[in-house]
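**Student:** model the structure of this input:
(2 chains)
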Amino acid sequence: MPIYSDKVMEHFMSPHNVGDIEGADGIGEEGNPVCGDMMTFYIKVKDNRLEDVKFKTFGCGAAIAVSSMVSDMAIGKTLDEAMEITPGKVAKELEGLPKNKLHCSNLGAQALHKAIDDYRSKQKGKGGGKK
Amino acid sequence: MRKVYLDNAATTPVLPEVRQTMLPYLDELFGNPSSLHDWGDAAREALAASRNQVARLIGATGNDVTFTSCGTESNNLAVKGLALARQKKGKHLVVSAIEHFSVMHSARTLEKMGFELSLVPVDKYGAVDPAEVRRRLRPDTVLVSIMMANNEVGTLQPIKEIGRITKEHEIVFHTDAVAAAGQLEISVDDLGVDALSLAGNQLYGPKGGAALWVRKGVRILPQLDGGIQEEGRRPGTENIAAIVGLGKAAELAKDNLADRAKQMSRLRNRLLKELPPRLGHTDVTGHPTNRLPGNASFVTHFIEGEAMLMLLNSKGIAVSSGSACTSRALKASHVLSAMEVADELAQGSIVFSLGIDTNDDDIDYVLEMMPPVVERLRQMSPLYAKYVK
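**Tutor:** As a prediction, this is how the structure comes out:
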């Protein structure tokens, strides 16, 4: 029996939204290579919505599938909606993750949230944000 | 799709001749060797023949071979059984930092029972320095256990030199030869060891048949309580079919050892030499030359081993990795750590273990399929992006 669900394999074998965004509105990094997984998320924001999300991931099959799934779930959502994406919801959409990988590989949502925080703090710096 | 199995360190296939030899013992020759009738006689005869075949592979005599169920059991019996039989003399053990978990964790268990444990470090190639073993010996040292060859990085250990030291100090010396048996010439007298573990499923025999050889006169405490099977050293009804398979596999290994090793070494050298330049940012792990004929292991920068393993699997290639993500415990290989490979780099571990059927076409296929796999993961890797910048 393979350790990963069909959905995880699908996203691992052909991940969506791999890459970076030139002049991204926000960048978030989570994890570190020493413990095995590291993800960087790039977001483009328009009218308070995630117009585009891209990622780069160093890590195992689960980490890559998680990143791909998070990017799919986030695109088109408002920032507040995207902040509600949780590791639990991501794991559910992926039809489950192996128990021992639930935490270490499931950092995509946090990386995305960091990118949104990054965007928001930049907006504050600009004094009010763009309309 | 082409299938290339290069994970023989996990387990080897069972040779057809081995399987054939086993079949009657799953059929009409089902007897229990402890029985005194014809059925028992036939099983007893098979046991004795297998014992001699295994003994011949390691230059020993049959009477000193104890059959077990797997390499892990052999190592548990050796480490715990030899140490506990000597605890009145002392409670100090010496093992290397790169032992298989079945030795390492047995030693840790003894530690909890009041033994003291000294770990011998390795150099950057994963080799133990015999002088480092000597430095750790104490008057109360009762056991030294150092593996013959490391299963992950392939490095051969200076067993003969260590054997001279333990003999001089009259300390019992065990070697885990699970990875080595069938790939290296072994003579227990020449090596100067007192106990040696091997397993059938690493040498084209079945799972379930393994052995521990213990030099005549060396006391060992059984780790199972029961009857007098295996001279009381390993009670329990013998797994005759698996033991017969192990015996046949050992015989075939002995008869073909030089040819097998020559062929595997040549193909291994192709991988060691040709793969790194094709991939770039890839280092050989383990000793460049003094290594198991079948082992070619590497670390690749910027990417992770499990992802590589899975993509190679999708191309029909079976390999293994010492990365944290590949292990259930999510810890990077203790062998690579002991060799002081940085944790980040250990994540990029990939291990090819060749078999006796591996051929040039298999190696060509790996050399062809590997670069796009690595390239694809690098394009995804934030570490590579940082490096390129």
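
**Student:** mind checking how far the residue of the stretch 1-150 of chain B found nearest chain A is from B:Val366?
**Tutor:** Chain A sits closest to B:Met1 of the stretch 1-150 of chain B, with a gap of 14.4 Å, by CB to the nearest CB. (C-beta placed from N, C-alpha, C; glycine too.) From B:Met1 across to B:Val366, the span is 14 Å (CB to CB, to the nearest Å).

**Student:** the two: which is more packed in?
**Tutor:** Using other CB atoms under 10 Å in any protein chain shown as the criterion, B:Met1 and B:Val366 rank with B:Val366 on top: 24 against 7.

**Student:** related to what we said a few turns ago, the residue of the stretch 1-150 of chain B closest to chain A reaches B:Asn313, doesn't it?
**Tutor:** No - using CB atoms under 8 Å, B:Met1 is not in contact with B:Asn313; the gap is 10.7 Å.

**Student:** please enumerate the strands of chain A.
**Tutor:** Using DSSP state E, the strands of chain A run over A:26-32, A:37-46, A:49-58.

**Student:** now the second one against strand A:49-58, angle please.
**Tutor:** Read that as strand A:37-46. Interaxial angle, strand A:37-46 versus strand A:49-58 (axes from the mean of the first three to the mean of the last three CA atoms, to 10 degrees): 160 degrees.

**Student:** got the angle for strand A:37-46 vs strand A:26-32?
**Tutor:** Inter-element angle recorded for strand A:37-46 and strand A:26-32: 170 degrees (by the same axes, to 10 degrees).

**Student:** next one: strand A:37-46 to chain centre, how far?
**Tutor:** Distance of strand A:37-46 from its chain centroid, counting by CA atoms, centre = their mean, to the nearest Å, is 6 Å.

**Student:** my read is that A:Cys70 contacts A:His113, right?
**Tutor:** Wrong residue type there; residue A:70 is Val, not Cys. No - contact criterion CB under 8 Å: A:Val70 and A:His113 do not qualify, at 9.9 Å.

**Student:** so these two - more neighbours on which side?
**Tutor:** More crowded of A:Val70 and A:His113, by other CB under 10 Å: A:Val70, with 32 against 21.

**Student:** excluding its backbone neighbours, what's nearest that one?
**Tutor:** A:Gly108 (3.5 Å; CB to CB, 6 or more residues apart in numbering or on different chains).

**Student:** could you measure from the one you found over to chain B?
**Tutor:** To chain B, A:Gly108 is 13 Å away according to CB to the nearest CB, to the nearest Å.

**Student:** that residue: what's it in contact with?
**Tutor:** Counting by CB atoms under 8 Å, 6 or more residues apart in numbering or on different chains, A:Gly108 makes contact with A:Glu30, A:Met39, A:Phe41, A:Phe55, A:Ala63, A:Val66, A:Ser67, A:Met69, A:Val70, A:Ser71, A:Pro87, A:Val90.

**Student:** how does it look with 10 Å?
**Tutor:** By CB atoms under 10 Å, 6 or more residues apart in numbering or on different chains, the residues touching A:Gly108 are A:28, A:30-31, A:37, A:39, A:41, A:55, A:57, A:63-71, A:73-74, A:85, A:87, A:90.

**Student:** need the per-residue pLDDT for it.
**Tutor:** As predicted, A:Gly108 sits at a pLDDT of 95.

**Student:** where along the stretch 251-389 of chain B do the helices fall?
**Tutor:** Taking DSSP state H, counting those that start in this stretch, the helices of the stretch 251-389 of chain B run over residues B:305-314, B:334-338, B:343-346, B:360-380, B:382-388.

**Student:** the fourth one near chain A at all?
**Tutor:** Spelled out, that is helix B:360-380. Yes - interface with chain A: helix B:360-380 contributes B:Arg376, B:Leu377, B:Arg378, B:Gln379, B:Met380 (CB under 10 Å from any CB of the partner chain).

**Student:** and for the third one?
**Tutor:** Yes - for helix B:343-346 and chain A, the contact criterion (CB under 10 Å from any CB) is met by B:Asp343, B:Glu344, B:Leu345, B:Ala346.

**Student:** one more: the second one?
**Tutor:** No - with CB under 10 Å from any CB as the measure, helix B:334-338 is seen stopping short of chain A, the closest distance being 11.5 Å.

**Student:** so which elements touch that helix?
**Tutor:** Helix B:334-338 sits against strand B:295-300, helix B:343-346, with contacts defined as 3 or more CB pairs under 10 Å, 6 or more residues apart in numbering or on different chains; DSSP states H and E.

**Student:** for those, state which one has the densest average packing.
**Tutor:** strand B:295-300 (a mean of 28; mean count of other CB atoms under 10 Å in any protein chain shown).

**Student:** center of the chain - which residue?
**Tutor:** Using chain A. With distances taken as CA atoms, centre = their mean, A:Gly108 lies nearest the centre of chain A, 3.8 Å away.

**Student:** chain B was what I was after
**Tutor:** The centre of chain B sits closest to B:Ala179, judged by CA atoms, centre = their mean, with a distance of 2.6 Å.

**Student:** and the residue of the stretch 201-350 of chain B that's closest to chain A?
**Tutor:** Closest point on the stretch 201-350 of chain B to chain A, by CB to the nearest CB, is B:Cys325, at 3.5 Å.
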